[in-house]
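# Would you be able to build a 3D model of this:
(one chain, ligands or ions: 2)
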Amino acid sequence: MLNIRPMGPHTGGEITGVDVKQLDDASFAPIYQAWLQYGVTVVRDQELEIEDFLRYSRRFGVITPHPSKSTRHPDYPDVTMLGTDKFRADGSLDQAIYRRGAEGFHTDGAYDEIPFKATKLYALAVPSTGGETYFSSMYMAYEALPNRLKTLLEGRNGAFTYGGRTGQTALLNPEDRQEPPAFHPMIRTHSETGRKSLYFDPGKILYIEDLGPTQSDEVIDELVERMIVPDAGYTHQWRAGDIVIWDNRCLVHKAAGDYPPEEDRIHWRVSIKEPMAGIV
Ligand SMILES: O=C(O)CCC(=O)C(=O)O
Ligand SMILES: [Fe+2]
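Ligands and ions are numbered 1, 2, ... in the order given. From the prediction side, this is the model:
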């Protein structure tokens, strides 16, 4: 029987007693609602083929191939492989693969004009220790901002690129490294919940529009300090067969990146967007 329970004080929900391959619309509805409520949910104990994973993922939106072409699944370009090929031919560890997503809290896809609504992972192999994923609510980060910052950021866009101010683009092909920035409101109203959140990614933001470079950098530094607030988090401990999906519109996340490198930690991943206005 379908069971949904909270995993953290505000963020994170666990769904058990379901086979996502056999879900009709009526049974999917509470799962989607729980996802909107908790921001990140895990469905445990799933046995999926890649087509099952894609089919279930399409219930959440439009799957979009990730710009990192070198880590796409060879037969399914919509699927990114996480954690495979992490050793180079000479035996050295490729840190860009091993520590992917571990550099800091971030939201996926902010460099795109239509940023990612959701990211979904399916765990094929998990290490015996470490390798967690951390999440934190940006609704709560927004609510905790001083009024001075709420006022300053309201109606103002941030400029975002894949490599941000440090220009780290190791996983992109050279021809894909020079994309123009995408602009998004720093205070974002969620299209489904109507709640306001802070939309911020320290690794991808270049500047905040209409502030001079000095003030822009100062505000970015302050937001780094303020983006993670007490009780807003959830730490996911992976089990093989977990499907985890998070809402990039109102959550940031980060991989722990600290598992024993000789062990496997392998996921399929899809990036999911909202349908474009006018296209059903
Ligand atoms: O591997 C993880 O735990 C998360 C990696 C990440 O940031 C992502 O897939 O977007
Ligand atoms: Fe990520």
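# dump the residue contacts of the residue of the stretch 51-200 of the chain found nearest ligand 1.
Nearest to ligand 1 in the stretch 51-200 of the chain, going by Cβ to the nearest ligand atom, is residue 101, at a distance of 2.4 Å. Quick note: C-beta positions are derived from backbone N, CA and C, even for glycine. Taking Cβ atoms under 8 Å, 6 or more residues apart in numbering as the criterion, residue 101 is in contact with 133, 253-255, 257.
# tell me the SS of it?
Judged by DSSP: H, G, I helix; E, B strand; the rest coil, the three-state class of residue 101 is coil.
# for residue 263, same thing?
Going by three-state DSSP: residue 263 is coil.
# residues in contact with it?
So, once contact is read as Cβ under 8 Å, 6+ apart, residue 263 ends up touching 127-128.
# confidence score at residue 110?
At residue 110, the predicted lDDT confidence score is 98.
# Any residues of the stretch 101-250 of the chain in contact with ligand 2? List them.
101, 108 (Cβ under 5 Å from the ion).
# all helices for the stretch 1-150 of the chain, in order.
Assigned by DSSP state H, counting those that start in this stretch, the helices in the stretch 1-150 of the chain fall at 25-38, 50-57, 95-98, 138-144, 147-153.
# Tell me which residue of the stretch 151-280 of the chain lies closest to ligand 1.
For the stretch 151-280 of the chain, Cβ to the nearest ligand atom, closest residue to ligand 1: residue 255, 3.4 Å.
# That residue contacts residue 104, correct?
No. Residue 255 lies out of contact with residue 104 (Cβ atoms under 8 Å); the separation is 10.2 Å.
# More neighbours: these two, which one.
residue 255 (21 against 12; other Cβ atoms under 10 Å).
# show me what contacts that one?
99-102, 131-134.
# do the same with residue 238
Per Cβ under 8 Å, 6+ apart, neighbours of residue 238: 123, 126, 131-133, 244, 265.
# Filter these down to the ones in strands?
Using DSSP state E, the members of the contacts of residue 238 that fall in strands are 123, 133, 244.
# Return the closest of the residues you listed with respect to residue 1.
residue 244 (21.3 Å; Cβ to Cβ).
# now residue 221: how far from residue 230?
Here residue 221 is placed at a distance of 20 Å from residue 230 (Cβ to Cβ, to the nearest Å).
# mind putting the ones in strands among the contacts of residue 238 in JSON lines, pLDDT included?
Formatted as JSON lines, those follow (pLDDT from 0 to 100):
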{"residue": "123", "pLDDT": "98"}
{"residue": "133", "pLDDT": "98"}
{"residue": "244", "pLDDT": "99"}
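# circling back: tell me which of residue 221 and residue 230 has more neighbours.
residue 221 (11 against 8).
# Now do the SS call for that one.
Secondary structure of residue 221, per three-state DSSP, is helix.
# pLDDT wise, what is it at?
98.
# Tell me, please, where in this structure the pLDDT is lower than the cut-off.
278-280 (pLDDT under 70).
# Up against ligand 1, what does it have?
For the chain, the contact set with ligand 1 under Cβ under 6 Å from any ligand atom comprises 82, 100-101, 108, 119, 133, 253, 255, 269.
# Quickly name whichever of the contacts of residue 255 is closest to ligand 2.
residue 101 (4.2 Å; Cβ to the ion).
# if we can go back for a sec, highest mean neighbour count out of the helices of the stretch 1-150 of the chain?
Mean neighbours per residue, mean count of other Cβ atoms under 10 Å, is largest over the helices of the stretch 1-150 of the chain for helix 138-144, with a mean of 22.
# Which elements pack onto that one?
For helix 138-144, the elements it packs on are strand 196-198, judged by 3 or more Cβ pairs under 8 Å, 6 or more residues apart in numbering; DSSP states H and E.
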